[in-house]
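Everything below, folded, please.
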Amino acid sequence: MIIRAEWPGYVVDVLVAQGQEVEEDEALVLLEGTDSGHTPFYSNAPEACKIKRLIVEEGDFVEEDEELLEVSEPD
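As a prediction, the model looks like this:
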């Protein structure tokens, strides 16, 4: 499953590592919006899963619906 950005923004921090198992609703990536207030927002895990592949890194700009990372079923 691919986790995608809900809004356009800059990647401030990737909070997980490849191979890490996370719980449902755990924050995965912190982004900063492009609105005038530069509103921070998190991309969270939709369910308990394992981080399969990181696609973005700190400092990247992503568009709405752009791929952030890939997850798989937990072990």
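
is the residue positioned nearest the centre of the chain in a bridge, and if so with what?
Nearest to the mean C-alpha position of the chain, counting by C-alpha atoms, centre = their mean, stands Val29 at 3.6 Å. Here Val29 sits in beta bridges with Val14, Ser43, as judged by DSSP bridges.

shouldn't it be in contact with Tyr10?
No - counting by C-beta atoms under 8 Å, no contact exists between Val29 and Tyr10, whose distance comes to 10.8 Å. C-beta here means a position set from N, CA and C on the backbone, and glycine is covered the same way.

buried stuff in stretch 53-62?
Residues 54-56, 62 are the ones in stretch 53-62 that count as buried (16 or more other C-beta atoms under 10 Å).

element containing the residue lying closest to Asp60 once chain neighbours are set aside, please.
Of all residues beyond its chain neighbours, the one nearest Asp60 is Val11 (4.5 Å), with distances taken as C-beta to C-beta, 6 or more residues apart in numbering. Assigned by DSSP states H and E, Val11 belongs to strand 9-14.

roughly how far is that strand from the heart of the chain?
The offset between the C-alpha centroid of strand 9-14 and the centroid of the whole chain comes to 8 Å, using C-alpha atoms, centre = their mean, to the nearest Å.

Can you report the mean pLDDT over the residues of the following helix or strand past it?
Per DSSP H and E, the first helix or strand lying C-terminal to strand 9-14 is strand 21-22. The predicted model gives strand 21-22 an average pLDDT of 97.

what's strand 21-22 packed up against?
Contact analysis of strand 21-22 by 3 or more C-beta pairs under 8 Å, 6 or more residues apart in numbering; DSSP states H and E lists strand 49-54 as its packing neighbours.

And the helix or strand following the strand it packs on, what does it pack against?
Downstream of strand 49-54, the first helix or strand assigned by DSSP H and E is strand 61-62. Other elements packing on strand 61-62 under the criterion 3+ C-beta pairs under 8 Å, 6+ apart are strand 9-14.
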